[in-house]
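>>> Starting from these lines, generate the structure:
(chains A, B, C and D)
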There are 2 protein chains.
Amino acid sequence: MVRPERRTVRDLRRGNRAVLLRTLYFAGPTSRHELSGMTGLSAASVSNVAGDLIADNVVVEAGLVESDGGRPRVLLRVDPRYGYVIGVDVGETHVHVGLFNLDMDEQAKAEFTLRPAQHDVDLVVRHILSGIDAVMAASGVDPARVLGVGLGVPGIVESGPDALIHAQTFGWDAVPLGALLRAGTSLPLYVDNGAKTMGQAELWFGSGRGSRHAIVVLLGSGVGASIITDGLTYRGVNSSAGEWGHTKIAVGGRECRCGARGCLEAYIGAESILERAGLSAEMAREQATLADLVKSGGPVIDETIDYLGAGLANLINLFNPERIVIGGWAGLLLGQHELVKIKKAVALNSLTQPFETASIVLGRLGPDAVALGAATLVVEEFLLGNAFSSSEQPAAI
Amino acid sequence: MVRPERRTVRDLRRGNRAVLLRTLYFAGPTSRHELSGMTGLSAASVSNVAGDLIADNVVVEAGLVESDGGRPRVLLRVDPRYGYVIGVDVGETHVHVGLFNLDMDEQAKAEFTLRPAQHDVDLVVRHILSGIDAVMAASGVDPARVLGVGLGVPGIVESGPDALIHAQTFGWDAVPLGALLRAGTSLPLYVDNGAKTMGQAELWFGSGRGSRHAIVVLLGSGVGASIITDGLTYRGVNSSAGEWGHTKIAVGGRECRCGARGCLEAYIGAESILERAGLSAEMAREQATLADLVKSGGPVIDETIDYLGAGLANLINLFNPERIVIGGWAGLLLGQHELVKIKKAVALNSLTQPFETASIVLGRLGPDAVALGAATLVVEEFLLGNAFSSSEQPAAI
DNA sequence: CATGTTAGATCAGGTCGTGAAATAAGGCAT
DNA sequence: ATGCCTTATTTCACGACCTGATCTAACATG
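Down below sits the predicted model:
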């Protein structure tokens, strides 16, 4: 029961301004003339709205380009220095903080390592806050130009002013991360699950570019997914959507660290793979050990591929996406060696029709994608061009 | 990468007209004053737009209601006789055709039985077309007032002018149902999967009323689901989304009639349940046999509940809906006897957070919901109030 | 330096939603 | 009956918006 909203004549301008800004942001330097064609707005309106954007210093002229014989086109672009955004990746072993300009060039970064099981909330909060201070200082950016902070965190994020976080692996149960950070900074905060922020990074700048319906899966120790429908990250009613790792792939099967049985993560999570292969590497060596295992192959890897194929097939059957991006360190490891087998396993487990329209590719962004994606949460808001829209966002505080 | 569209000042009116119409449609008789509050439009605009709608005969006045001491409110409502819509249910054993007014009161209906394995395309097309003729004749409705025909069909519907249908159980492979019907009628056609049309019926008029994020599952011989995100049926890139029945719930498990192994349908589809219980009823007695089995209980039913619980839990983990509606004859049978056990099984297999926000209820509409829902496809288009919007719709032809 | 060509700006015109003011339509007390 | 009070709806002037048409700017060419 969709409820479209009433619009006033002012909304028109806000909307068209956002259309122009977004086009400019994703297409890069473009002339007013081209913009008219791309957006459908009349040349007059483009001129008018672009004038606004320039007057607000959001957009700047970026050189001329010759136009056979006539007046040259003036290229416009979003001024990457109009604003800066901060992205934070709260992972199991680290806290990364990066400060980016609007072109997503990293201006400064700060890192903190977390010892396993050292996920004390206050410690993490301190790391985040001092990370923010550190990157602001290191970059020398005017604090007034920082548009906000995006955070990618583990577990389920309940959107709302407190940004309650439920993260079993951290032992966090309803931790009001938003409220805690609020006490230490006045920047606008956007909190979301790390798999979702990484998904948004791949969607905007990585292998997902240009798709409207895509799914980015994240395979590491944990298993998550980011579901993009209609170009937007789907969050569901509580923004916990996309918990793919704990969907059941084998009723009554292996026990998962979440306590239930037969979770996908219990078969394709990095730890589970090693465990099933009889290898117990301490966390520091986990990646190298898995790399060796994947390289040498064997029944456990084959079985893992079967399960991964079935899991991906379920996503294809349910969501009918045009693209599936496999990311996360374990996902890239598996994908680099066994993409063909994986695709075969997916084919076996999905319906022909949707299988054929879904291309399966590897993620293109490295491990920093979580922080990058978190920063895009802020940019997303910026591109909407209004203080706060009424539509649902990640916990915007 | 959402691409918002440019808007002109004329779109404003179209949009606000649609807002008013939709509010009026779902809220029933309402005064202009109330409409102003509900839509956010100013009283002046409501008056203005309502005037348009009345001039177009879409909306009529529907009595007065007193307002303590002042001028009485004039109630407005959509004229149910402004237009009529036809809904068609193409099932495994029948073709049902119904003609409804805009209040969804059935004005006439026609039924044809299909013998098992008698799914010859031409026969079905003939049934549909003569069904349309029959209900038009029986109702005596002016053909010019029929807004279109919605069809709920089995299998996967590729939206597009041909409305290609892939339905394994019918032996249909890329059947251009739309094109075939085009030859016999000039009414606008909207084709979609039957589980989706039924889902829309439950969403609009049944147990799903008022939810933005809901999932309606359909358990019969086959198993399907309709996923509602943001109040709209989610269709994915090819409109094949929601193929829940063939998601894998037990890698390497029971063989399914689709050829793969471990499909959910191989455990909770009506036929599979009977098969696992060692009962082989011919189709005509299928429902009675299952009813007996469910009533007497036993290990097969318990197992079925476990699998159903896991399947529903997967939906909850992935979509984080606010409501799950269990429909379909087998679903209602199971649900009426075992809803408590089902919920327990779901709880066991889903994450706490999303489980707690999802209420699980039984469908409220009977077997005619497929045709009713198909008819709502046409109404949905009517409520948008413009010839054809650019946004995706079911195969609108 | 005039001409041609293309990009961008300006302007008049029509549409829209809004707040304020006016009007309609009842009830109620006199 | 009459006039007043209350509430619903309509009317009106206004400002904001987008657009097509027209005008100006900026460059190349000969």
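>>> Let me know whether A:I316 touches A:P354 as I believe.
Yes: between A:I316 and A:P354 there is a contact at 5.0 Å, judged by Cβ atoms under 8 Å. (Each C-beta comes from the backbone N, C-alpha and C, glycine too.)
>>> Which one of these two is surrounded by more residues?
Remark: of A:I316 and A:P354, A:I316 carries more neighbours, 29 against 26, as counted by other Cβ atoms under 10 Å in any protein chain shown.
>>> element containing that one?
Per DSSP states H and E, A:I316 falls inside helix A:299-319.
>>> can you give me the angle that helix makes with helix B:299-319?
Inter-element angle recorded for helix A:299-319 and helix B:299-319: 80 degrees (by axes from the mean of the first three to the mean of the last three Cα atoms, to 10 degrees).
>>> Just the CA atoms of helix A:299-319, as CSV, please.
Extracted as CSV, the C-alpha positions of helix A:299-319 are listed here (Å, rounded to 0.1, in the frame of the first residue of the first chain):
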residue,chain,number,x,y,z
PRO,A,299,36.4,-32.3,-0.9
VAL,A,300,35.9,-29.5,1.7
ILE,A,301,36.4,-26.8,-0.9
ASP,A,302,34.1,-28.7,-3.3
GLU,A,303,31.5,-29.0,-0.7
THR,A,304,31.9,-25.3,0.2
ILE,A,305,31.3,-24.4,-3.4
ASP,A,306,28.2,-26.5,-3.5
TYR,A,307,26.8,-24.7,-0.5
LEU,A,308,27.8,-21.3,-1.8
GLY,A,309,26.2,-22.1,-5.1
ALA,A,310,23.0,-23.1,-3.4
GLY,A,311,23.1,-20.0,-1.3
LEU,A,312,23.6,-17.7,-4.2
ALA,A,313,21.0,-19.6,-6.2
ASN,A,314,18.5,-18.8,-3.4
LEU,A,315,19.2,-15.2,-3.7
ILE,A,316,18.8,-15.4,-7.5
ASN,A,317,15.4,-17.2,-7.2
LEU,A,318,14.1,-14.8,-4.6
PHE,A,319,15.4,-11.5,-5.9
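>>> can you pull the buried residues of that helix?
Residues of helix A:299-319 classed as buried by neighbour count (16 or more other Cβ atoms under 10 Å in any protein chain shown): A:300-301, A:303-319.
>>> likewise stretch A:261-279?
By neighbour count on 16+ other Cβ under 10 Å, the buried set for stretch A:261-279 is A:261-274, A:276-277.
>>> List just the nearest of the residues you listed to DNA strand D.
A:L264 (47.0 Å; Cβ to the nearest atom of the strand).
>>> so is A:N57 in a helix, a strand, or just coil?
Under DSSP: H, G, I helix; E, B strand; the rest coil, the three-state class of A:N57 is coil.
>>> That one contacts A:D79, doesn't it?
Yes: between A:N57 and A:D79 there is a contact under Cβ under 8 Å: 6.5 Å.
>>> who's more crowded, these two?
A:D79 (19 against 11).
>>> any idea how far the more buried one is from A:R14?
To A:R14, A:D79 is 20 Å away according to Cβ to Cβ, to the nearest Å.
>>> can you tell if stretch A:234-251 touches chain B?
Yes: Stretch A:234-251 lies within reach of chain B by Cβ under 8 Å from any Cβ of the partner chain, at A:234-244, A:246-251.
>>> what about A:G69, how many neighbours?
Neighbour tally, A:G69, other Cβ under 10 Å: 5.
>>> ok so it is a strand residue?
No: applying three-state DSSP, one finds A:G69 to be coil, outside a strand.
>>> in chain A, which spans are helices?
Assigned by DSSP state H, chain A shows helices spanning A:9-27, A:32-39, A:43-55, A:121-139, A:177-182, A:194-205, A:265-268, A:270-276, A:286-296, A:299-319, A:329-349, A:352-357, A:369-384.
>>> Nearest to B:W329, out of those helices?
B:W329 lies closest to helix A:299-319 among these, at 23.0 Å (Cβ to Cβ).
>>> Can you list the helices and strands that the closest one packs against?
Here helix A:299-319 touches strand A:214-219, strand A:223-229, helix A:265-268, helix A:270-276, helix A:286-296, strand A:323-327, helix A:329-349, helix A:352-357, going by 3 or more Cβ pairs under 8 Å, 6 or more residues apart in numbering or on different chains; DSSP states H and E.
>>> Give me the distance from that helix to the chain's centre.
Centroid separation for helix A:299-319 versus its chain: 22 Å, with Cα atoms, centre = their mean, to the nearest Å.
>>> now do stretch A:287-307
In terms of Cα atoms, centre = their mean, the centre of stretch A:287-307 is found 27 Å from the chain centre.
>>> The closest residue to chain B within the stretch 101-250 of chain A and DNA strand D, how far apart?
The stretch 101-250 of chain A approaches chain B most closely through A:G236 (2.7 Å), counting by Cβ to the nearest Cβ. Separation of A:G236 from DNA strand D (Cβ to the nearest atom of the strand, to the nearest Å): 33 Å.
>>> give me every residue that touches the nearest residue to that residue once chain neighbours are set aside.
Leaving aside its chain neighbours, A:G236 sits nearest to B:N320 (2.7 Å; criterion: Cβ to Cβ, 6 or more residues apart in numbering or on different chains). B:N320 makes contact with A:235-243, B:213, B:354, B:357-358, according to Cβ atoms under 8 Å, 6 or more residues apart in numbering or on different chains.
>>> Among those, the buried ones, what's the PyMOL command?
Of the contacts of B:N320, the buried ones can be selected in PyMOL as follows, counting by 16+ other Cβ under 10 Å:
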select buried, (chain A and resi 235+236+237+238+239+240+241+242+243) or (chain B and resi 213+354+357+358)
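>>> Would you mind splitting chain A into its domains for me?
By the assignment in automatic domain parsing, chain A contains the domains A:9-78, A:84-197+A:369-396, A:207-362.
>>> just so I know, which of these lies nearest B:M198?
Using Cβ to Cβ, the nearest of those to B:M198 is domain A:207-362, at 17.4 Å.
>>> Done for today, thanks.
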